[in-house]
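Peer 1: Build me a model:
(chains A, B, C and D)
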2 protein chains.
Amino acid sequence: MKLKDELKTKGFQNEYQEAYLNVLFTASWLKSTAQRRFKPYDLSHEQYNVLRILRGSHPQCMQVKDITGRMVDRSSNTTRIIDKLVAKGWAIRKINPDNRREMQVSLTREGLDLLEVLDQEMENMPKMALTPEEARTLSLLLDKVRDSEY
Amino acid sequence: MKLKDELKTKGFQNEYQEAYLNVLFTASWLKSTAQRRFKPYDLSHEQYNVLRILRGSHPQCMQVKDITGRMVDRSSNTTRIIDKLVAKGWAIRKINPDNRREMQVSLTREGLDLLEVLDQEMENMPKMALTPEEARTLSLLLDKVRDSEY
DNA sequence: CCCAAATAGTTGTACCTACAACAGTTCACT
DNA sequence: AGTGAACTGTTGTAGGTACAACTATTTGGG
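Peer 2: Residues are numbered from 1 along each chain as shown, chains lettered A, B, ... in the order given. Here you go, the predicted structure:
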């Protein structure tokens, strides 16, 4: 459906305002549909994001700041998300003995197993109604948006 | 900057995953830059959204559910956002005597004045680095994304 | 060697999101 | 008229976001 109808508005000031609201609205839409899929696993979207990042360097562990730098949402509080993962037994957090300021965060066997189940779940997810070419264009335009000095 | 570099990743599974993450990342980026602009006015992004919706039907008042239906973030809790607006004197909430289930929410003079100041602020905001045509394409692609059954 | 600055991470507070349960009010049907 | 369903909005709880202050540790210049 068109954004205009979704937001029940009469129209937008210009194409930039529409694009701006559309990015926010679509992100919220994508996030909540994904969230619904994670629900049965007692997992939030952000926690999933961190699990995948950890798998990216497994079996090597990662520092908190490296995880933060790879997160989709930069201002999220990595410490507290890791707290949850550790509490559920999906990750381990240890102080680096060589530099006691740093943490060594890594996945547990259970964390890896969970990710494998989630991989299946994700594969069954219906694809976006875009051609590969359109998906590439979309990414390109979004990259450009972020190049503004906004 | 390209998403690949922003997220310090080696690459994506396919163009759909990249587009997906790019929508979320860009939305988060846009939101936090806007938030920074609202900060001096003691206003959050969501509160601003509701103020604008209320102005859309001013001087008529609106029901809570109509406001919700026009919000960019559908799952946000409209009651509690209105609580804040009322507490700051920007909106008024009354029970509709003809249907005591409904609320009549409307802007105060102060709310309207604040919006006028914010209009100025928004005009000074640098524009997206897109051509009008690109902005239209972006909106079109995002509308398509939401047409998936995700 | 010492101490200020830099670095890594945690904590505090206010607000927002997600989802479900709840309460009051109105409607519709018999 | 009476009652159950539907409607409108509020509240509860757990988790996430924004931003700043804080602690612990390491580093580097004098």
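
Peer 1: rest of the way, CA atoms for contacts and neighbours
Peer 2: Will do.

Peer 1: For the longest helix seen in chain A, buried residues please.
Peer 2: For chain A, the helix with the greatest residue count under DSSP state H is helix A:15-38. Using 16 or more other C-alpha atoms under 10 Å in any protein chain shown as the test for burial, helix A:15-38 gives A:15-16, A:18-32, A:34-35, A:37-38.

Peer 1: The helix or strand just after it packs against which elements?
Peer 2: Counting by DSSP states H and E, the next helix or strand C-terminal to helix A:15-38 is helix A:45-57. Packing partners of helix A:45-57 (3 or more C-alpha pairs under 8 Å, 6 or more residues apart in numbering or on different chains; DSSP states H and E): helix A:15-38, helix A:64-70, helix A:78-87, strand A:103-107, helix A:109-123.

Peer 1: right, quick check: the fourth one against DNA strand D, any contact?
Peer 2: It stands for strand A:103-107. No - Strand A:103-107 stays clear of DNA strand D (C-alpha under 7 Å from any atom of the strand), getting no nearer than 10.7 Å.

Peer 1: list the helices and strands that strand packs on?
Peer 2: helix A:45-57, helix A:64-70, strand A:91-95.

Peer 1: Provide the contact partners of stretch A:56-76 at residue level.
Peer 2: For stretch A:56-76, contacts defined as C-alpha atoms under 8 Å, 6 or more residues apart in numbering or on different chains pick out A:49-50, A:53-54, A:78-79, A:102-107, B:6-9, B:21, B:24-25, B:28.

Peer 1: Kindly report the same for stretch A:20-38.
Peer 2: A:3, A:44-45, B:20, B:23-24, B:26-28, B:30-31, B:72-74, B:139, B:142-143, B:145-146, B:150.

Peer 1: on that earlier part again, nearest approach to B:Asn96 belongs to which of the helices and strands packed on strand A:103-107?
Peer 2: When those are compared by C-alpha to C-alpha, helix A:45-57 sits nearest B:Asn96, at 39.1 Å.

Peer 1: how about the residues of chain A near DNA strand D?
Peer 2: A:43-47, A:73-77, A:80-81, A:84, A:97-101.

Peer 1: List only buried entries from those.
Peer 2: A:Leu43, A:Ser44, A:Glu46, A:Gln47, A:Asp73, A:Arg74, A:Ile81.

Peer 1: What is the nearest of those to A:Glu134?
Peer 2: So of these, ranked by how close each gets to A:Glu134 (C-alpha to C-alpha), first place is A:Asp73, at 24.3 Å.

Peer 1: circling back to that earlier point, just the buried ones among the contacts of stretch A:56-76, please.
Peer 2: Buried among the contacts of stretch A:56-76 by 16+ other C-alpha under 10 Å: A:50, A:53-54, A:78, A:103, A:105-107, B:7, B:21, B:24-25, B:28.

Peer 1: Any chance of those in CSV with pLDDT as columns?
Peer 2: Converted to CSV, those look like this (pLDDT from 0 to 100):
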residue, pLDDT
A:Val50, 97
A:Ile53, 96
A:Leu54, 97
A:Thr78, 97
A:Met103, 96
A:Val105, 97
A:Ser106, 97
A:Leu107, 97
B:Leu7, 93
B:Leu21, 95
B:Leu24, 96
B:Phe25, 96
B:Ser28, 94
